[in-house]
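Chemist: structure, please.
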Amino acid sequence: DGELQTDGNRSGHLQNGELVFDPEVNEEIVRTIAAQLAEIGDQLDKQIKAKVVNDLVQHFLNENLSREEITRCLSQAVEGLARAIPSDLEQEKAMLVLAMVLSKKVANSVPSLLHCVFSTTVNYINQYFHSYVVRMVSAIKQ
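Modeler: Model prediction:
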């Protein structure tokens, strides 16, 4: 689908050792949300300076920092970048996308950090944006 980036997997979970797909997940809704987020990400990507990415890389590489401290560093970077977001863009959506774009840039800079960056970003999104993602899915369903 154009430049929509997805791994092609359906949402599911293991139940009694068998993969069970989530029947409530409408793949078209997921594609719609992904396309919207990708478009916003392309716009915000240009605003992220290399220094912000390099600083985050250093935090991820610092073995003395706990997972919570690294998540806090990611949160601070997102909040700092969010201050420059145009007012016509929904703040929560922009911050969600900024977290994903920053994570991509860090992982692209130092591919060996991919696992740590991914798990930290998932934790960050679950911690700060879970309700927003649920509302976004509900709004598209209607």
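Chemist: go through this protein and flag its longest helix.
Modeler: Determined from DSSP state H, the single longest helix within the chain is helix 114-141.
Chemist: now that helix: buried residues?
Modeler: Neighbour-count burial for helix 114-141, with 16 or more other CB atoms under 10 Å as criterion, is recorded at 116-117, 120-121, 124-125, 128-129, 132, 136-137. Yep, even glycine has a C-beta here, placed from its N, CA and C like the rest.
Chemist: ok, stretch 49-63 next?
Modeler: Applying a neighbour-count criterion of 16+ other CB under 10 Å, one finds 52-53, 55-57, 59-60 buried in stretch 49-63.
Chemist: just the ones of these in helices?
Modeler: Counting by DSSP H, the members of the buried residues of stretch 49-63 that fall within helices are 52-53, 55-57, 59-60.
Chemist: now do the SS call for residue 88.
Modeler: Following DSSP: H, G, I helix; E, B strand; the rest coil, we place residue 88 in the coil state.
Chemist: nearest spatial neighbour of residue 79, skipping sequence neighbours?
Modeler: Nearest residue to residue 79, sequence neighbours excluded (CB to CB, 6 or more residues apart in numbering): residue 95, at 7.5 Å.
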